Structures are given as structure tokens and as C-alpha cells.
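Trainee: after the sequence you'll find the predicted model.
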Protein chains: 2
Amino acid sequence: MERPSRSSRQKYSIIAVLKALADPVRLRIVRVVRERGEVPCHEHFRDIPKSTLSHHWRVLRLAGLVHQRGDGVRRLNSLRAPDVDARFPGLLDAVLGQAPRPISVRQTAARHPPLRDRL
Amino acid sequence: MERPSRSSRQKYSIIAVLKALADPVRLRIVRVVRERGEVPCHEHFRDIPKSTLSHHWRVLRLAGLVHQRGDGVRRLNSLRAPDVDARFPGLLDAVLGQAPRPISVRQTAARHPPLRDRL
DNA sequence: TGGGCAGTTCGAAGTTCGTAGAAATAGCAA
DNA sequence: TTGCTATTTCTACGAACTTCGAACTGCCCA
């Protein structure tokens, strides 16, 4: 339903990415997730209702900007910086400003299978 | 009316810029104007109604992406590439892809001044 | 097995956005 | 002035978006 299955790599459009980033709440989310590496949906955004957050995370996921993995009762979200950089070189830095990338959380091929991201 | 006179350089927000670019018609316009230098509103977009075009040009202007100057009976629009580059270094290249800029000397340091005032 | 927490889905309400016809404006030339 | 061309403004409308409460699902633990 959400993934029209295009043979990979052409999947995410610049329009979708720009639209996803062109929202104050989502831009804030992206900044936080970039800075912190992996964050649960709600933890750093107590001022935003959960359903609203869930919606924004979803938009970011569908744009290919964010990856989500299960972790027991919660889910951890991380920026797909390498994938985004590969697809749109320089975009993240240009939008967010060059910033201290988290070294703590490495994005490996294992956790990020070839540009797949169901849901 | 369109330039609320804020002490310069803080005037255009990344949100407005991203929103302006996050539309297929406007992205097309930006590509054309970047490639051609200066274009009249309607000339290269005969397939789009003029009022629609005017609307999109206005959005681009308000975002600070485009400049318009009168030229007799018509108006010529141009990309404010240097201004955008100064404000959001690398953004245009990231969104549009590195492209044949009108030949000008590239400076390394000057192109990425201290990241001030974003958002 | 029941309770609780983390997230998602659904539905509704309100807002913004894109489109485009019609009318209005501005510059220029005959 | 009149006419012509380029562009904007006005206006309307539907589509898409944002927000958020309520209900629901999934996972863990006592």
C-alpha cells in the first residue's frame, strides 16, 4: 500500500524529500534524530501529541529519510543519512547545516538492508 | 509588501525555501531559470496557465529564490543563486544537482561561510 | 492473564495549497 | 487614445495537509 515497489534506488523523489523537510515539526524531528542517533518516537517531543508525532515520523519514513526498528516495547528511529547522502549528495548538510554527526550509532548494512524500509 | 524588511540576511527561512522547492512545477521553473539565466514568466511554460505561473513565480520570489526585474512590457526572472548559496550553502546544488552554472570562479572558503542564521 | 507502556490507525475539523478563468493593471507603440 | 502584449490580482474550489482525541495493536512483565 505504501510502497509501490519500484526497483530500488529510484524510489525516493526529491519532491517527497523536500516536502517532508518543509515542515517545522519534521525539521525539528530530523535535527534531533540526527543529533542523537536513535530516538524513540515520543521521548524527545513530549510537547507534541503522540498521534501527531506518529504521523510525522511516517511522512519522514515514506520520504526515505528515517528508518525505524523495533526494540521491545518501543521503536527506535534513526536518520538514514548515508542513504540520503547517496541519493541527494549534500542535501542534509545544506538543509540542517554541517553538524556533528553522531559517531555513537553506526548505520550498518545489517540494520539498513538495501534501501528497504517497510512502512 | 513582499519584502517585510527584516534586517537583511535573516529574511528567508529554510522552511519557506523548502516549501517553495517542494512542488513539481516550481522545481521545473527553477531548473529552467537556472539553466537559462533570465526568463520571462510565460515563455518557456506555454503549457501552464499564466495565472498559475504567476502564482508560482510569486512563491519563489517570496522564498527569496528568484528575482524579477522589469523589461519594458515584460518581466525577466532570474535565480538568486548567489544569495541562496550564501544563506543556505550547497542547497541549490543538492536539490537541482550540480549543473552548468554560468561560468564563474568558485571559491572554497567563501562558498561556505560560517553557518549563521538558519531557519 | 491482566495491566501498562509505546506507537499506530482512524476520523473529524480546520487550514493551506495548487489550479485556473475572468477581470484588472502596466508598458509600449501606432 | 486605442490597441496589443505581458503579467498580476481576484476569486473560487477541490485536493492535500496538519492536528489531535479516541480506540486499537503489540510487547513485556508480574
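Mentor: Alright, I've got the coordinates.
Trainee: which bits of chain A sit near DNA strand C?
Mentor: Proximity of chain A to DNA strand C is confined to A:40-43, A:50-51, A:53-55, A:57-58, A:68, A:73-76, A:119 under the rule C-beta under 7 Å from any atom of the strand. Just so you know, the C-beta spots here come from the backbone N, C-alpha and C atoms, and that holds for glycine as well.
Trainee: redo that, cut-off 10 Å
Mentor: Residues of chain A lying near DNA strand C by C-beta under 10 Å from any atom of the strand: A:1-2, A:15, A:19, A:22-23, A:38-45, A:49-58, A:61, A:68, A:70-77, A:119.
Trainee: what is the mean pLDDT for stretch A:81-96?
Mentor: Mean pLDDT, computed over stretch A:81-96, is 97.
Trainee: now stretch A:54-74
Mentor: Here the average pLDDT along stretch A:54-74 is 97.
Trainee: so who does the spatially most central residue of chain A touch?
Mentor: Geometric centre of chain A, nearest residue: A:Val66, 1.6 Å, by C-alpha atoms, centre = their mean. Taking C-beta atoms under 8 Å, 6 or more residues apart in numbering or on different chains, we find A:Val66 in contact with A:Val30, A:Val33, A:Trp57, A:Leu60, A:Asn77, A:Ser78, A:Leu79, A:Arg80.
Trainee: export those to JSON lines and tack on distance to DNA strand D and neighbour count?
Mentor: Compiled in JSON lines, these are given as follows (distance: C-beta to the nearest atom of the strand, whole Å; neighbours: other C-beta atoms under 10 Å in any protein chain shown):
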{"residue": "A:Val30", "distance to DNA strand D": "13", "neighbour count": "21"}
{"residue": "A:Val33", "distance to DNA strand D": "16", "neighbour count": "25"}
{"residue": "A:Trp57", "distance to DNA strand D": "11", "neighbour count": "22"}
{"residue": "A:Leu60", "distance to DNA strand D": "10", "neighbour count": "24"}
{"residue": "A:Asn77", "distance to DNA strand D": "16", "neighbour count": "23"}
{"residue": "A:Ser78", "distance to DNA strand D": "19", "neighbour count": "20"}
{"residue": "A:Leu79", "distance to DNA strand D": "18", "neighbour count": "28"}
{"residue": "A:Arg80", "distance to DNA strand D": "19", "neighbour count": "24"}
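Trainee: tell me which of the residues of chain A next to DNA strand C fall in helices.
Mentor: When DSSP state H is applied, the residues of chain A next to DNA strand C are split such that A:Ile15, A:Lys19, A:Lys50, A:Ser51, A:Thr52, A:Leu53, A:Ser54, A:His55, A:His56, A:Trp57, A:Arg58, A:Arg61 fall in helices.
Trainee: if you drop the residues flanking it in sequence, what lies closest to the fifth one?
Mentor: Spatially, and ignoring its direct neighbours in sequence, A:Thr52 is nearest to A:Val25 (7.5 Å; C-beta to C-beta, 6 or more residues apart in numbering or on different chains).
Trainee: thought that neighbour was touching A:Pro49?
Mentor: No: with contact defined as C-beta atoms under 8 Å, A:Val25 does not reach A:Pro49; the gap is 10.9 Å.
Trainee: which of the two has more neighbours?
Mentor: For A:Val25 and A:Pro49, the more surrounded residue by other C-beta atoms under 10 Å in any protein chain shown is A:Val25, and the numbers stand at 14 against 11.
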